[in-house]
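Asker: fold the following.
(2 chains)
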Amino acid sequence: MGVEVPDVKESFPQAIYTVTIGATPEDGGTRAKVVTVGGETALPFHTFEGEIPHPPVVAMEVWDVPGEDWPDVVREPFSEVMGDPGAWAVKCVEYGADLICLRLVGCDPNGADKSPEDAVQAVKRVLETVGVPLIIWGCGNPEKDNEVFPLVAEAVKGENCLLGTITQDNYKTLVAVATAYGHKLIAESPVDINIAKQVNILAMDAGFPLEKLVIYPSTGALGYGIEYVYSIMERTRLAGLGGDKLMAMPILCDIGKEVWGVKEARAPREEQPEWGDERLRGPLWEATTAYVYLMAGADILVMRHPEAVRATKAFIEKILGRQG
Amino acid sequence: MEPELTGTNLVRVTFRPDGKAVEVERGETLLSAAQAAGIPLVSICGGEGICGRCRVIVRGGKVEAAPTLHLSREEIKKGYVLACQARVLSDVEVEVPPESREGAAAAVDRDARGFLAPEAEARDTFAREPLVRKLYLELPPPTLEDNTGDQERLFREVRRRAEAPILQAGLKVLRGLPPLLRGAGWRVTVTLAQRGGTVELLQAEPGDRAREAYGVAVDVGTSTVVTHLMDLRTGKTLGAEARYNSQRAFGEEVTRRIIAAEREGLEKLQGAVVEDINGLIALLIEQAEVKLQDVLAVMCAGNTAMTHFLLGLPPGTLRKSPYVAAALAPPPVRAAEVGIRINPRGLLYVVPGIGGWVGGDVTAGLLATGLFRATEPFLFIDIGTNGEVVLGDGDWMVAASASAGPAFEGAGVTCGMRAARGAIHRVEFASGGVRYWTVGDEPPRGLCGSGIIDTVAGLFRAGYIDRSGRLDPDRPGVVEWHGELAFRLVPEGEGAREVVVTQRDIENVLRAKAAIYAAVSILLREMGLEPERIKQIYIAGAFGSHIDPENAVALGLVPDLPGAEITFVGNTSLAGAKLCLLSKDAFAEAERLARRVTYYDLINCPYYYEEFMAAKFLPHTDLSRFPTVVKTLRLGEPV
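Answerer: Residues are numbered from 1 along each chain as shown, chains lettered A, B, ... in the order given. Prediction:
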């Protein structure tokens, strides 16, 4: 008789909420397809322990203004379209984006200070040109976001967008408009598991359903505190699977913005000869960062470089056993 | 105004409305000028420009003010500066607005009734035999047959009446003895003081003066100093006085003061608190018509840093790892040696402390509540500037300290004050509006600790603030106040001062309660004690008034344990000090007790910050810990 190997598989009492973004004409929207994330009953890629019904997805970033501070490596694939969010979004879909993450950077009062009406125009442009669902991310200035989102959310009524972000300090307006116009929300916290939960509770107390939230626990680029974010994400996911309904949301990671801000991805070869070609290094840095967060439980990755996106999507397929 | 002095670097700073003036070096800050002039300016950060509380208005003369975010453009136009950030360039005249002034001009509070400590629970446990007492003796005059020395004759008589195997008298007493004994016809009153195992004969007086024996119990709090005058013979309390600790000018928090002591000299901090105590004693004896020379002993209870300042022990090691005290149980010393004015030979005792950050105030609390002989699991929470928590199960006791800040003592809050007359001590949010009660039923002047707890808990329960404490601007009474949101409890007018609770105040309160709750929760977890086993929760503190347990739980200050009885026990630091003063057995028990309690330093706890962050929410991020609050407020956590 052989030795019986004990079953060490883990099972969890609770599934992560299933969140669908976008709406087809049947559901009152105009999207050609919708994106669904969450629903997993096991740790990331542990298909042998539970269900992973919806693999992680990649959203690509589009701005309402040209990405002036994007390094050349990541500007080049978009160089012809950066002035037009619609064309930019089309490029992203060609590169394989599952969703578009439209960032309303231009609304920042310390930047171009575009009007809410301008923002609406940018959003509408993207809706017209692509059929994928939309994430709409504010400029980060609370007062301005509270001016912009009421108009934007109304303009995309019925499209079931993912809007963000709400924070502990600023959530009421976004919760109200997302409720009124039927959108989902990104709940942001500063790499703090307690605050992550607190933002969710605040949204819930304001009447927003927990199963319409996505957690954004803040993201760090590879080499910039990634292990800390990782542990926070892992604990969030373990709490959610373990039965904490206030933590059982899909998780979003804002990869591109972080990675393309660090010198390891940005620095040209002339400055750092020993680091090698930035055309390879930059996308690799972004993809590697993405892999790490996938392992930590990311459901939505917001990214920039087409090569990094391609590699990441291939990685997801491969690890789920759907491809060679 | 006088013309500017030339050729000298001294400039004159005049403070209005006090009219006090002081000469300082050109370039000094207004804050240090105020300290020199004895003007009690609020300074929470100790002069770092961080707290923005020491606002004053420059009415004339030139100052150089560093830029600050704490003042609006409008205020700057009106002449507002932060005293700690403004350097004097010429003779100046400065107005100190009421909000920048320490409560009641830091004058002695004539109504300290709010601070009357409860009669100690354990009072009957200990024989009433004060540490210092008087004994009237009639000595047989010497004869040829009985020709022993005067000292030996006196000692022989003392030993007949009292247990004093080791008895000592100072040289000064001995030198005065022969004329005294003979002049008094061998009828004298001696004062005996317990000093460890030794009894010291402090003094001898002619005739029977045994009735005139008094002592003072002092709670040396970080924010508040409370004194009670005791009749050592009858055990009666003859009077009570309290005031804010003048050391606050050096910073609200203990650590700031330790740094101030290192930078500016320990004697300044010692002098500040000693003068507070002297002032309070002077008032007490005047009112009770007691002679200073009959005040024989002072018993102080305070946190370890406060006793260091009081005794002039270097406090520096308390704030640096491994956080060691110079002495946890200092011996009794001559009060005069530290500058306390009572009988020149009178003694100063200190209730022994437990650890670097859990002091004799907690020992006193455990003694006064009788918890030192508890047989069941209990939780003792002393809410002060440093919140102390003791968890016990009958066999063991563990104590920890959490830096809560002075919010619950009425300081560090815009309209905070001590529980003096006019302090709002109770607030109720009802459907018809908000009701409040003041100390002495006088027009409201501000909020004391219990009023602050009631207000914030009430705002939460009534839905004026969300679970992170943020005020809802659409609620009645929520107004824009100096650039931030505030809840206006009392509008200005009708002889009343405006009383508001600002967004920042609420944040201070949440930080304070989170620090205390985190300490409770860490002790429970570290000791592996199931919270349900706790049957008694004692809450101590110098709030001045009873606090509503339901509000304390709703706030998340106190754990929500439906099976536990919450008892508010008031200022147990003082109650314990009184007990020690009146019974040497009690003092001996305090010494044993202080050694029995294990000190747990939260700095060793790797998850302190996380517990703290989780507790900063209302009532807590983890609602399963607050079942009653969830039920009564119908908080919407899905089940």
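Asker: what about stretch B:564-574, how long is it end to end?
Answerer: Length of stretch B:564-574, first residue to last, CA to CA, to the nearest Å: 25 Å.
Asker: contacts for that stretch?
Answerer: Stretch B:564-574 is contacted from outside by B:115-118, B:120, B:217-219, B:221, B:226, B:228, B:301-302, B:360-362, B:364-365, B:368-369, B:379, B:382, B:534-543, B:546-547, B:549, B:552-553, B:558, B:575, using CB atoms under 8 Å, 6 or more residues apart in numbering or on different chains. Using the backbone N, CA and C atoms, a C-beta is placed for each residue, glycine as well.
Asker: so what does the longest helix belonging to chain B touch, helix or strand wise?
Answerer: If you go by DSSP state H, chain B has its longest helix at helix B:503-527. Counting contacts by 3 or more CB pairs under 8 Å, 6 or more residues apart in numbering or on different chains; DSSP states H and E, helix B:503-527 is packed against strand B:378-383, strand B:386-392, strand B:397-403, helix B:449-461, strand B:484-490, helix B:608-615.
Asker: one more time with 6 Å
Answerer: When contacts are defined as 3 or more CB pairs under 6 Å, 6 or more residues apart in numbering or on different chains; DSSP states H and E, helix B:503-527 packs onto strand B:386-392, strand B:397-403, helix B:608-615.
Asker: other residues contacting the helix or strand just after it?
Answerer: Using DSSP states H and E, the helix or strand that follows helix B:503-527 in sequence is strand B:536-541. Outside strand B:536-541, the residues that touch it by CB atoms under 6 Å, 6 or more residues apart in numbering or on different chains are B:365, B:369, B:378-384, B:564-569, B:572.
Asker: what's the closest residue to chain B within the stretch 101-250 of chain A in contact with, if anything?
Answerer: Nearest residue of the stretch 101-250 of chain A to chain B: A:N194, at 4.1 Å (CB to the nearest CB). For A:N194, the contact set (CB under 6 Å, 6+ apart) comprises B:M613, B:A614, B:T621.
Asker: roughly how far apart are it and B:F587?
Answerer: Remark: distance between A:N194 and B:F587 (CB to CB, to the nearest Å) = 44 Å.
Asker: residues of chain A that sit close to chain B?
Answerer: Chain A comes close to chain B at residues A:Q168, A:N194, A:K197, A:Q198, A:I201, A:L202, A:M204, A:D205, A:K245, as judged by CB under 6 Å from any CB of the partner chain.
Asker: for the second one, pull up the helix or strand it's in.
Answerer: Right, A:N194. Applying DSSP H and E as the criterion places A:N194 in helix A:193-205.
Asker: could you figure out how far that helix is turned away from helix B:608-615?
Answerer: Angle, helix A:193-205 to helix B:608-615, by axes from the mean of the first three to the mean of the last three CA atoms, to 10 degrees: 10 degrees.
Asker: I'd like the distance from helix A:193-205 to the chain centre, please.
Answerer: Distance, stretch centre to chain centre, for helix A:193-205: 19 Å (CA atoms, centre = their mean, to the nearest Å).
Asker: C-terminal to that helix, what's the next element?
Answerer: Counting by DSSP H and E, the next helix or strand C-terminal to helix A:193-205 is strand A:213-216.
Asker: in the sheet, who's paired with A:V302?
Answerer: With DSSP bridges as the criterion, A:V302 is bridged to A:A59, A:D254.
Asker: give the buried residues for the longest helix of chain B.
Answerer: Residues B:503-506, B:508-524 are the ones in helix B:503-527 that count as buried (16 or more other CB atoms under 10 Å in any protein chain shown).
Asker: tell me the mean pLDDT over that helix?
Answerer: Computed over helix B:503-527, the mean pLDDT rounds to 95.
Asker: cool, and stretch B:163-176?
Answerer: For stretch B:163-176, the mean per-residue pLDDT is 93.
Asker: show me the contacts for residue 319.
Answerer: I'll assume chain A. Neighbouring residues of A:I319 by CB under 6 Å, 6+ apart: A:F45.
Asker: I was thinking of chain B, sorry if that wasn't clear
Answerer: Contact analysis of B:R319 by CB under 6 Å, 6+ apart lists B:T255, B:I258.
Asker: how far away is it from chain A?
Answerer: Distance of B:R319 to chain A, computed by CB to the nearest CB, to the nearest Å: 27 Å.
Asker: and B:E253, by the same measure?
Answerer: B:E253 is 24 Å from chain A, where distance means CB to the nearest CB.
Asker: and for B:A374?
Answerer: Counting by CB to the nearest CB, the separation of B:A374 from chain A is 33 Å.
Asker: give me the phi and psi for the closest residue to B:N245 other than its chain neighbours.
Answerer: Spatially, and ignoring its direct neighbours in sequence, B:N245 is nearest to B:V225 (5.1 Å; CB to CB, 6 or more residues apart in numbering or on different chains). Dihedral pair for B:V225: phi -110, psi 120, per degrees, to the nearest 10.
Asker: count the residues that sit near whichever residue of the stretch 301-450 of chain B sits closest to chain A.
Answerer: Nearest residue of the stretch 301-450 of chain B to chain A, counting by CB to the nearest CB: B:A402, 16.9 Å away. The tally of other residues near B:A402 (other CB atoms under 10 Å in any protein chain shown) stands at 24.
Asker: after the helix or strand that B:E550 is a member of, next one along is what?
Answerer: Secondary-structure assignment from DSSP H and E places B:E550 in helix B:549-554. Moving toward the C-terminus from helix B:549-554, the first helix or strand encountered (DSSP H and E) is strand B:565-570.
Asker: and that next one, how far out from the chain middle?
Answerer: Chain-centre distance of strand B:565-570: 19 Å, with CA atoms, centre = their mean.
Asker: mind listing the strands that strand pairs with, and their directions?
Answerer: Strand B:565-570 is paired, per DSSP bridges, with strand B:536-541 (parallel).
Asker: for the partner strand, what is the average pLDDT?
Answerer: Average pLDDT, strand B:536-541: 90.
Asker: quick one: work out the angle between that strand and helix B:449-461.
Answerer: Strand B:536-541 and helix B:449-461 are oriented at 120 degrees to each other (the same axes, to 10 degrees).
Asker: which non-adjacent residue is nearest A:E143?
Answerer: Excluding the flanking residues, the one nearest A:E143 by CB to CB, 6+ apart is A:P109, at 7.8 Å.
Asker: contacts only, for B:V11.
Answerer: B:V11 is in contact with B:R26, B:V88, B:S90, B:D91, counting by CB under 6 Å, 6+ apart.
Asker: check what pLDDT the second one gets.
Answerer: At B:V88, the pLDDT value in this model is 91.
Asker: how near is it to chain A?
Answerer: Counting by CB to the nearest CB, the gap from B:V88 to chain A is 37 Å.
Asker: what is the burial count for that residue?
Answerer: 24.
Asker: likewise for the third one?
Answerer: Other residues near B:S90 number 16, with proximity taken as other CB under 10 Å.
Asker: since that was my last question, I'll sign off now.
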